[in-house]
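K.L.:
sequence first, predicted model second:
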Amino acid sequence: MQFTPEKYRVPDIPMQPFIDAEEIWQYLNNTSCSADKVKDIIDKSLSKERLNLEEVATLINATDTDLIEQIKEGAKLLKQNIYGNRIVLFAPLYVGNRCSNNCDYCGFRASNKAQVRKTLTNDELIKEVEALEDEGQKRLILVFGEHAEYSPEFIADSVRTAYSVKKGNGEIRRLNINAAPLDIEGYKIVKKSGIGTYQVFQETYHPEIYKKHHTSGRKADYNWRLTALDRAQEAGIDDVGIGALIGLYDWRFEVMGLVRHTNHLEACYNIGPHTISFPRIKDASNLNIESNYFISDEDFVRLVAILRLAVPYTGMILTAREPAIVRDEIIQYGISQIDGGSKIELGSYSFKGNSHNIDRSQFQISDDRPLNDIIDELLEQDMIPSFCTACYRLGRTGEHFMEFSVPGFIKRFCTPNAILTLAEYLFDYAPEQTRLKGMMVIENNLKSLSANLEKEVKEKISRIEMGERDLYF
Ligand code: SAM
Ligand code: SF4
């Protein structure tokens, strides 16, 4: 039977949410942990099975140093086996920071008078996309505050405009969205513009804590937000991203919430979320938030490793909120996507001066390295930075599921496509030193392919060198 979120809008009928805070705490409080149990659970995950809530609670309750190391090693192995050494790159593009909500952690909140409000005009949006294309970006996420001005039509128009911008060899091939929850009709309008993933983060899965941090505006309604991606699914958007803002509540509860949300989407729509995000709260304009739940880097690594094992075939995103040193360390435990060259002040990609101004942005980022520096660093670590958008454009949704479950999929499609998009970047945008490094990484990775495939990829690279673009498998 399909889950129909419509029924939860009927007044006076209390919602039966798929998140039951008491049940989650029971799992966390009553699940025991032993070395044998942890080993079995890691083995289950490595054999390509998603974990249930009890198993996730067991991993969370493993606080012994040795067991934590085993979990981290398991996550590392899973990432290597499943995702290999590719890492997908994207950039955020803030379109507007008007907002009628009051989330107490966010610089855009309506009550923050210090925030300089701005919505990009069509011309400004075009300039931003051109600047991003000039850097070599191919995948963007458009970000919006929650405001009547940012209607579904407005979001869809922004998407169409961004897709239409072509500068030099540049083009945007995939646009994801992070914006307010919509109703089903709204999602249908946005879907028509050709978006990739629609992200809505629940922020915290705990209803009482949620209330405390979301005091007014549409977002104060926990259930409306919790069912956002059900409505997206009902509108035909089967590519969705979930997330929790880490630091509002106990991270262990949030991990359980994210897994429960994943299970819910899988059970109702046969497809889990495409991505999971777990941003940690960072400084923001006029920030004055009280919370006892900010977490250490050590616990953050545990969180990432446990999530990796819990939902092996879901993409995991780590953004520039985190400093370079944390990102470089954590990627190995299961991250599949990072942003690079991010600038989050409204209009800052096309602005040539120093753009850091916390009153023009939602929060402070910590990793402001240019895209090429990040690519160079990834190449240094023998990783393949990828701008691949092939699955999405060929209608292969559930790509992570395929990577995971279709034997040979990564070798046949993902690695070659990552190599081809890297080659494009190296020919079009990279300085000499990065180009040489990148060509060596490509050379090494070609050896891992079958002889036939290696030949096909080499032939495509030659065509790219001769000027063709957008070649993929
Ligand atoms: N207005 C949309 C909404 O609320 O869904 C867009 C949200 S915002 C552009 C994307 C995410 O940034 C939020 O969902 C929240 O998790 C995160 N965020 C907000 N304030 C933050 C802060 N101070 N530090 C880190 N992340 C923050
Ligand atoms: Fe507005 Fe989103 Fe910020 Fe909340 S998190 S104040 S809804 S932009």
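P.N.:
Yes, it's here. Ligands and ions are numbered 1, 2, ... in the order given.
K.L.:
near ligand 2, which residues of this structure are found?
P.N.:
Cys99, Asn101, Cys103, Cys106, Phe108, Arg109, Gly145, Glu146, Lys219 (C-beta under 6 Å from any ligand atom). Placement of C-beta: from N, CA and C, glycine included.
K.L.:
hmm, try it at 8 Å
P.N.:
97, 99-103, 105-110, 144-147, 180, 203, 214, 217, 219, 362 (C-beta under 8 Å from any ligand atom).
K.L.:
and the residue of the stretch 251-400 of the chain found nearest ligand 2, how many residues sit next to it?
P.N.:
Across the stretch 251-400 of the chain, no residue is closer to ligand 2 than Gln362, which sits at 6.1 Å (C-beta to the nearest ligand atom). Residues lying near Gln362 (other C-beta atoms under 10 Å) number 25.
K.L.:
do Asn81 as well
P.N.:
13.
K.L.:
for it, which three-state class applies?
P.N.:
helix (DSSP: H, G, I helix; E, B strand; the rest coil).
K.L.:
show me where pLDDT drops low in this structure?
P.N.:
Residue ranges of the chain with pLDDT under 70: 1-16, 353-355, 397-405.
K.L.:
okay, which residue is most central for it?
P.N.:
Nearest residue to the geometric centre of the chain (C-alpha atoms, centre = their mean): Ile317, 3.8 Å.
K.L.:
Arg412 versus Ser450, what's the distance?
P.N.:
Counting by C-beta to C-beta, to the nearest Å, the gap from Ser450 to Arg412 is 9 Å.
K.L.:
go through the residues of the chain next to ligand 2 and flag which are in strands.
P.N.:
Using DSSP state E, Phe144 are the members of the residues of the chain next to ligand 2 that sit in strands.
K.L.:
ligand 1 next: which of the residues of the chain next to ligand 2 are close?
P.N.:
Among the residues of the chain next to ligand 2, ligand 1 is touched by 99, 101, 103, 105-108, 144-146, 180, 203, 219, 362 when using C-beta under 8 Å from any ligand atom.
K.L.:
ok, so of these, who is nearest Phe253?
P.N.:
Lowest distance from Phe253 to these (C-beta to C-beta) belongs to Glu203, with 12.6 Å.
K.L.:
check contacts around that closest one.
P.N.:
Residues near Glu203 by C-beta atoms under 8 Å, 6 or more residues apart in numbering: Cys103, Tyr210, His213, His214, Arg225, Gly243, Ala244, Leu245, Leu248.
K.L.:
make a markdown table from these and add neighbour count to it.
P.N.:
Formatted as a markdown table, the contacts of Glu203 follow (neighbours: other C-beta atoms under 10 Å):
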| residue | neighbour count |
| --- | --- |
| Cys103 | 24 |
| Tyr210 | 21 |
| His213 | 22 |
| His214 | 24 |
| Arg225 | 19 |
| Gly243 | 21 |
| Ala244 | 25 |
| Leu245 | 20 |
| Leu248 | 26 |
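K.L.:
so Ile19 touches Leu258, yeah?
P.N.:
No: contact criterion C-beta atoms under 8 Å: Ile19 and Leu258 do not qualify, at 10.3 Å.
K.L.:
the more surrounded of the two?
P.N.:
A count of neighbours by other C-beta under 10 Å puts Leu258 above the other of Ile19 and Leu258, at 26 against 19.
K.L.:
any figure for the gap between the more buried one and Leu120?
P.N.:
Applying C-beta to C-beta, the value for Leu258 to Leu120 is 31 Å.
K.L.:
circling back: and after the helix or strand that contains the residue nearest to the centre of the chain, which helix or strand comes next?
P.N.:
Taking DSSP states H and E as the definition, Ile317 sits inside strand 315-318. Scanning forward in sequence from strand 315-318 by DSSP H and E, the next helix or strand is helix 324-330.
K.L.:
just the buried residues of that following helix, please?
P.N.:
Under the neighbour-count criterion of 16 or more other C-beta atoms under 10 Å, helix 324-330 has Val326, Arg327, Asp328, Ile330 buried.
K.L.:
list the contacts for the third one?
P.N.:
Going back to what we said before, that points to Asp328. Glu377, Gln381 are the contacts of Asp328 under C-beta under 8 Å, 6+ apart.
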